[in-house]
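Trainee: one predicted model, sequence on top.
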Amino acid sequence: MAKTAPRREGAPADPLVQTFTFLLSGRHIYVRNAERKLIDLGEAKQEGKEGKPSWSYLLDVDEIAGSGFKTPAALLKDLSGKVDFAYLDSQFTSLPNHSPTDEGIDVRHAETLEVRYDEVSDDGF
């Protein structure tokens, strides 16, 4: 996906751009939209030898996966490049909302990545 520069301070917001926040909390990958709905996309695992962790993920839908990441941040960055607005929009339509206070979800200490997706293209930035 092509990346573009962030919106300039004071520039009008683009109504066709939506912001999503990816979160890795516990063994799950969540994503939150602008309406604060929080959904569970799939599982993340930490594997590897002590001192040399390796992270992997597998989403529940479409078997989107990745492995061999040294950090949770690298995992989220890879994942954000494999999905687009249409994929996320369909997941928000079909999956149940989770509360940030649900057991196992620790939003305050989760690894996060904020990504903006254009509704009419495959670009995330």
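Mentor: Great, that's in hand. From a predicted model like this one, the values you see are computed outputs, not experimental measurements.

Trainee: nearest residue to Ala74 other than its sequence neighbours?
Mentor: Trp55 (7.3 Å; Cβ to Cβ, 6 or more residues apart in numbering). Quick note: C-beta positions are derived from backbone N, CA and C, even for glycine.

Trainee: now do Asp118
Mentor: Nearest to Asp118 is Val17, by Cβ to Cβ, 6+ apart, at 5.5 Å.

Trainee: show me the contacts for that neighbour.
Mentor: For Val17, the residues meeting the contact criterion (Cβ atoms under 8 Å, 6 or more residues apart in numbering) are 116-119.

Trainee: out of the residues you listed, which end up buried?
Mentor: 116-118 (16 or more other Cβ atoms under 10 Å).

Trainee: about what we covered before: which residues are contacting the host helix or strand of the residue nearest to Ala74?
Mentor: Assigned by DSSP states H and E, Trp55 belongs to strand 52-59. With Cβ under 8 Å, 6+ apart as the test, strand 52-59 has contacts from 29, 41-48, 64-72, 74-75, 79.

Trainee: buried ones in it?
Mentor: For strand 52-59, using 16+ other Cβ under 10 Å, the buried residues are 55-57, 59.

Trainee: show me what Arg116 is bridged to.
Mentor: Following DSSP bridges, Arg116 is listed with bridge partners Thr19.

Trainee: any idea of the mean pLDDT in the lengthiest strand in the chain?
Mentor: Secondary structure of the chain read by DSSP state E shows that its longest strand is strand 38-49. Averaging pLDDT along strand 38-49 gives 91.
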